[in-house]
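K.L.:
Prediction below, plus the sequence it came from.
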Amino acid sequence: MDNLDILPEKNYSLWKTVKNIKNPIKQITPFKTNNGYSKDLNEQTEIAANYLEEIFSNSRNNQIIQSNSIHNRENSNRLEEYQMITSVGEVKNHIKQLKNKKAPGYDLINGQIIKELPDKAIRYLTILYNAIG
């Protein structure tokens, strides 16, 4: 409040101060690493890239696929009974039911963006949903 000027002609310092108080600047949260926390944006980018590379590396995927195939062989009868397959039509129907005016999530993807996805992306979403279940 000390930096407010006394009625200059076109200085909007009062309004700027009120705006900053009402809408504080959102800070990027630091990443937790083995050595502590990282606040540097370049270092955070590198940490995220390494993490995603580790998750999606071929060796890890092969281990997951092998363990899943063993699990599937053991429980194949139970899986066949309970496995529900999502169709492309179901995904399209759910996308059509999304509300456009809903606030986007942390990823800033709202209903309008999802509704404008091409058919190929909807097929990939369907494959993803079926892989999860």
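P.N.:
Received the coordinates, thanks.

K.L.:
any idea of the mean pLDDT in the helix or strand harbouring Lys19?
P.N.:
Assigned by DSSP states H and E, Lys19 belongs to helix 13-22. Over the span of helix 13-22, the pLDDT mean works out to 80.

K.L.:
Likewise for stretch 39-50?
P.N.:
82.

K.L.:
Same question for it: list its buried residues.
P.N.:
Gln44 (16 or more other CB atoms under 10 Å). Where you see a C-beta, it was placed from the backbone N, CA and C, and this is true even at glycine.

K.L.:
what do you get for stretch 96-110?
P.N.:
Asn110.

K.L.:
ok, and what's touching the next helix or strand after the helix holding Lys19?
P.N.:
Going down the chain from helix 13-22, the next helix or strand is strand 31-33, by DSSP H and E. When contacts are defined by CB atoms under 8 Å, 6 or more residues apart in numbering, strand 31-33 is touched by residues Tyr37, Ser38, Glu43, Gln44, Ile47, Ala48.

K.L.:
what does stretch 40-50 give?
P.N.:
Under the contact criterion CB under 8 Å, 6+ apart, stretch 40-50 has outside partners Ile28, Pro30, Phe31, Thr33, Ser38.

K.L.:
quick one, what contacts the second one?
P.N.:
Same thing as Pro30. So Pro30 contacts Tyr37, Ser38, Lys39, Gln44 (CB under 8 Å, 6+ apart).

K.L.:
so Val91, which of the three states?
P.N.:
helix (DSSP: H, G, I helix; E, B strand; the rest coil).

K.L.:
Look up how far Asn20 lies from it.
P.N.:
43 Å (CB to CB, to the nearest Å).

K.L.:
Looking only at neighbour counts, state which of those two leads.
P.N.:
More crowded of Val91 and Asn20, by other CB atoms under 10 Å: Val91, with 20 against 10.
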